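Peer 1: A structural model of the following input is requested.
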Amino acid sequence: MDTSHLREDYLKGQLVECTAPADPLTLFREWLSDAIAAELPEPYAMTLATATADGVPSARIVLLRLADESGFTFYSNYTSRKGAELAANPHASLLFYWAVLERQVRVEGAVEQIAAAESDAYFSSRPYDSRIGAWASPQSAVIEDRAMLEQRVAELAVTYPDEVPRPPHWGGYRLRADAMEFWQGRPSRLHDRLRYVRQPTGTWARCRLAP
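Peer 2: Next comes the predicted model:
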């Protein structure tokens, strides 16, 4: 399929230094709030890009569960493909894309597992079926068919009819942002791009990038 004839112009906003905050987390929270207010589907969904120790990349969509001064938190199976890659190469990038608002945010940094107590607290807040699913799925592994998963779910429902403990192979990761880039679509492909880079002092340096 040839899509070269398809065009969109970007007219919905601008991103200029005089109104952008000095702290990128402040701007991120504003933009995420705008995406939530616009009732976009899963505005907290983000592309997580990881790589093997020798640099072979892979990407998938995961859900942001917390963004604060310590970083961006998401949850996964530690034995999955992403888990294995993060264990071998604990550097990753995130991408948020809110097409309706003509905005993107890129986040880059090192990733580490969060404390077990924090993973326990989040796991206990999940719906029952999601907690059972975390036990049932050997994420990223080859399986015979869907029936195997469904059988495993049924068995686990008998084992854990009420309380479901967190599997030891499942928990949270936190990406500590070392760089964040904000992209606002503009007419004629002259988009606004502001990049923030964390300094050794903990403050942020900001610059404009060409579109």
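Peer 1: secondary structure element for the residue nearest to the spatial centre of the chain?
Peer 2: The structure's the chain has its C-alpha centroid closest to residue 46; by C-alpha atoms, centre = their mean the separation is 4.0 Å. Assessed by DSSP states H and E, residue 46 sits inside strand 45-51.
Peer 1: what angle sits between the following helix or strand past that strand and strand 45-51?
Peer 2: Per DSSP H and E, the first helix or strand lying C-terminal to strand 45-51 is strand 57-63. On the basis of axes from the mean of the first three to the mean of the last three C-alpha atoms, to 10 degrees, strand 57-63 is oriented at 150 degrees to strand 45-51.
Peer 1: can you list contacts of strand 57-63?
Peer 2: Surrounding strand 57-63, the residues in contact under the criterion C-beta atoms under 8 Å, 6 or more residues apart in numbering are 42, 44-51, 74-76, 81-82, 85. Where C-beta positions appear, they are placed from N, C-alpha and C, glycine not excepted.
Peer 1: run the last query once more with 10 Å
Peer 2: Strand 57-63 has contacts (C-beta atoms under 10 Å, 6 or more residues apart in numbering) with 42, 44-52, 74-76, 80-82, 85, 89, 92-95, 140, 173.
Peer 1: about what we covered before: enumerate every residue touching the residue nearest to the centre of the chain.
Peer 2: 60-64, 67, 72, 74, 93-97, 105-107, 175.
Peer 1: buried sites along the helix or strand that contains residue 151?
Peer 2: Using DSSP H and E, residue 151 sits within helix 146-159. Using 16 or more other C-beta atoms under 10 Å as the burial criterion, the residues of helix 146-159 that qualify are 152, 156.
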